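Visitor: quick check, what structure comes out for this input:
(2 chains)
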Amino acid sequence: MTALRRPVVLFAALMIGQVLLVSAQVQSKSGVRVLELVTFEMFSRVERATSAVVHGVTDVWSNYAALRGARDENQRLRQQVGGLQIQLQEQRSLASRSERLQALLDLKTSADVPTLAADVIAGNPNPGVRTITIDRGTADGVMADMGVIAPAGLVGRVIGPVARHAARVQLIIDRNAAAGAITERSRAGGMILGSEEYPPLKMDLVPNLADVKNGDQVVSSGVDGIYPKGFTIGAVEKVERRGGLYLTIAVRPAVDFGSLEEVLVVMVPPRPAQHDEDIK
Amino acid sequence: MRTVVLALGVAAALALQATLSGMMIGHTLAVNLVVVAVVYAGLAFGAVTGALAGTVGGLAQDALAGGIVGIGGLSKTLIGFVVGVLGAQFIMSGVVARFLMFAAATVVHAVVFEALSAVADGRMFALRWSSVGLQAAVNATIGVMVFWIVEQGPEVLARRRARRAAFSKRRF
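Guide: Predicted structure coming up:
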């Protein structure tokens, strides 16, 4: 009986402890959690190391193992083809990286706002939460609520706590993300929200009478105080006029979040969001 | 020794999960390696170890994820403990039994996690059953493979070594 009671008591203690932990956070949401900050600071280094190891192994695997299938070929030809393939892959990889960096540089030059280039070093360990980790932190001047962009358009915003050499970025497609937006053609204003559905963006609070059509470009309006004005968010994919006050608009994001490797952090501290009266 | 191995296992699962997520940004990653590690701990070492692994892995995952710390901890502690208790009550040495246990634990974890998030974060309960089903299948496959490697791996290596030794004796 005692043998059975001990695990149950331990289990109950663990559960109660964690319920108290969750309750405390729900009541005081605004404060930065020390546990979170310390764990993130420490783990960002581990993430950087594992990311490097996994990418190294993946590169070795794709360069070497892909060639193992050609064993039956003549050895001389195989070596020659293998060498050429490796060179070709290296060149392609270099060209692709150059293109991406060129696009990033073009954006950096053309954007009116000061920016800082950053590499994506990890994703989120919790499936369903769409955040990434970048290799820039407080040591580089990065602060919470700074906007993050890519050549294709808006990526997301930095969320706290920010470590010395790493920061977490909430992607615009995360279900808790939002940004002020307008359509480029008709200037219909609303709010872009992340969604679990496909396409993963919705535009909300657009009046039912507004002129919005499929294919309209949606850009940031700047009213939220986080994202700079005029950056592409995506294109309208579906507009539905239902009975309510607002349109139901599905937006396809401009950024391909699946191949995000480098981003720019907008180095402008966030300002308070504008209200309707201010805009008028 | 077991504690060290378990801690390393959970940490490795967490690091690998974060790295895999980083390689699949924008898509829903259909695996939760921390859940696999917790269920493995529960099945292999019992309810107490399962619950402790769930607490440590869940809290670390929560802290890294940036949401409310404790929701993942609670859900993983629960599945670690329940899997440990069920593992002690029933015979769990078969592949099918283990597969079902990993899959069921993944589904229960997803439901509890989403429900707790909805309550604590004040948002809608929006679970995508297709994603959960896929994650359950992938987690269960990985879990069964881990069991096979841990149980059969040393034996296979020893057999191969013995065969090599016998071959070299015959030649020389």
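Visitor: from here on, just use CA atoms for contacts and neighbour counts.
Guide: Fine.
Visitor: point out where chain B drops to low pLDDT.
Guide: Across chain B, the ranges flagged by pLDDT under 70 are B:22-28, B:122, B:169-172.
Visitor: what strand or helix carries the spatially most central residue of chain B?
Guide: Centroid-nearest residue in chain B, with Cα atoms, centre = their mean: B:Val36, separated by 0.9 Å. Counting by DSSP states H and E, the element that carries B:Val36 is helix B:33-45.
Visitor: elements contacting the very next helix or strand once past that helix?
Guide: Per DSSP H and E, helix B:33-45 leads on to helix B:47-65 as the next helix or strand towards the C-terminus. Identification of packing neighbours for helix B:47-65 by 3 or more Cα pairs under 8 Å, 6 or more residues apart in numbering or on different chains; DSSP states H and E yields helix A:2-27, helix A:34-60, helix B:2-23, helix B:33-45, helix B:71-89.
Visitor: quick one, which of these is nearest to B:Phe99?
Guide: helix B:33-45 (10.9 Å; Cα to Cα).
Visitor: export that closest one as CSV, just CAs?
Guide: Presented in CSV, the C-alpha positions along helix B:33-45 are these (Å, rounded to 0.1, in the frame of the first residue of the first chain):
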residue,chain,number,x,y,z
LEU,B,33,10.0,14.0,-29.4
VAL,B,34,9.6,15.2,-25.8
VAL,B,35,6.3,13.3,-25.6
VAL,B,36,8.1,10.3,-27.0
ALA,B,37,10.8,10.6,-24.4
VAL,B,38,8.3,11.0,-21.6
VAL,B,39,6.2,8.0,-22.7
TYR,B,40,9.4,5.9,-23.1
ALA,B,41,10.4,6.9,-19.5
GLY,B,42,7.0,5.9,-18.2
LEU,B,43,7.0,2.6,-19.9
ALA,B,44,10.6,1.7,-19.3
PHE,B,45,11.1,3.0,-15.8
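Visitor: so is that helix next to chain A?
Guide: No. Helix B:33-45 is not in contact with chain A by Cα under 8 Å from any Cα of the partner chain; minimum separation 8.8 Å.
Visitor: isn't B:Gly42 up against B:Gly50?
Guide: Yes. Assessed by Cα atoms under 8 Å, B:Gly42 is found in contact with B:Gly50 at 3.8 Å.
Visitor: show me what contacts the residue nearest to the centre of chain B?
Guide: B:102, B:139-140, B:142-143 (Cα atoms under 8 Å, 6 or more residues apart in numbering or on different chains).
Visitor: could you check how far it is from B:Gly70?
Guide: Distance, B:Val36 to B:Gly70, by Cα to Cα, to the nearest Å: 18 Å.
Visitor: go on, B:Arg164?
Guide: 51 Å.
Visitor: for the stretch 1-150 of chain A, which residue gets nearest to chain B?
Guide: Minimum separation of the stretch 1-150 of chain A from chain B (Cα to the nearest Cα) falls at A:Gly123, amounting to 3.5 Å.
Visitor: quick check, the helix or strand where B:Pro154 lies touching chain A?
Guide: Element membership of B:Pro154, judged by DSSP H and E, is helix B:129-171. No. Shown here: helix B:129-171 not in contact with chain A (Cα under 8 Å from any Cα), separated by at least 9.6 Å.
Visitor: top of the contacts of B:Val36 by number of neighbours, please.
Guide: When neighbours are counted by other Cα atoms under 10 Å in any protein chain shown, B:Phe102 leads the contacts of B:Val36 with 28 neighbours.
Visitor: which helix or strand contains that residue?
Guide: Using DSSP H and E, B:Phe102 sits within helix B:95-121.
Visitor: quick one, what contacts the nearest residue to A:Ala152 once chain neighbours are set aside?
Guide: Once flanking residues are discounted, A:Ala152 sits nearest to A:Val255: 5.2 Å by Cα to Cα, 6 or more residues apart in numbering or on different chains. Contact analysis of A:Val255 by Cα under 8 Å, 6+ apart lists A:150, A:152-155, A:233-234.
Visitor: confidence score at A:Leu193?
Guide: A:Leu193 is assigned 93 on the pLDDT scale.
Visitor: how near is it to A:Lys238?
Guide: A:Leu193 is 15 Å from A:Lys238, where distance means Cα to Cα.
Visitor: what about A:Gln18, how many neighbours?
Guide: Neighbours around A:Gln18, by other Cα under 10 Å: 22.
Visitor: so it sits against B:Gly72, correct?
Guide: No. Look at A:Gln18 against B:Gly72 with Cα under 8 Å: they stay out of range, at 9.5 Å.
Visitor: helices and strands of chain A: which one has the lowest mean pLDDT?
Guide: Least confident helix or strand, chain A: helix A:276-279 with a mean of 48, by mean pLDDT, DSSP states H and E.
Visitor: quick check: chain neighbours aside, which residue is closest to the residue most central in space within chain A?
Guide: The residue lying closest to the centre of chain A (Cα atoms, centre = their mean) is A:Leu171, at 3.3 Å. Excluding the flanking residues, the one nearest A:Leu171 by Cα to Cα, 6+ apart is A:Gly156, at 4.3 Å.
Visitor: which of the three states applies to the one you found?
Guide: strand (DSSP: H, G, I helix; E, B strand; the rest coil).
Visitor: tell me what it is bridged to.
Guide: Note on A:Gly156: beta-bridge partners A:Val148, A:Leu171, judged by DSSP bridges.
Visitor: and it, how far from B:Leu64?
Guide: Computed as Cα to Cα, the A:Gly156 to B:Leu64 distance reads 18 Å.
Visitor: what do you get for B:Ser93?
Guide: Counting by Cα to Cα - B:Ser93 and B:Leu64 are separated by 34 Å.
Visitor: quick one: which of these two has more around it?
Guide: Applying other Cα under 10 Å to B:Ser93 and B:Leu64 shows that B:Leu64 carries more neighbours, namely 25 against 12.
Visitor: my guess is the more buried one contacts A:Glu41. True?
Guide: No. Using Cα under 8 Å, B:Leu64 makes no contact with A:Glu41, being 9.4 Å away.
Visitor: retrieve the pLDDT associated with the residue nearest to the centre of chain A.
Guide: 93.
Visitor: what's the answer for the one 5 residues further on, then?
Guide: As summarised for this prediction, A:Asn176 has a pLDDT of 86.
Visitor: who's in contact with the closest residue in space to B:Ala30 that isn't next to it in sequence?
Guide: In space, and not counting its chain neighbours, B:Ala30 is closest to B:Gln135: 4.5 Å by Cα to Cα, 6+ apart. Under the criterion of Cα under 8 Å, 6+ apart, the contact partners of B:Gln135 comprise B:30-32, B:106.
Visitor: how does it look with 10 Å?
Guide: Residues in contact with B:Gln135, defined by Cα atoms under 10 Å, 6 or more residues apart in numbering or on different chains, are A:127, B:28-32, B:103, B:106-107, B:110, B:129, B:141.
Visitor: try B:Val83
Guide: Counting by Cα under 10 Å, 6+ apart, B:Val83 touches B:38-44, B:46-47, B:50-51, B:77, B:89, B:101-102, B:104-105.
Visitor: of the residues you listed, keep whichever come out buried.
Guide: If you count burial by 16 or more other Cα atoms under 10 Å in any protein chain shown, the buried members of the contacts of B:Val83 come out as B:38-44, B:46-47, B:50-51, B:77, B:101-102, B:104-105.
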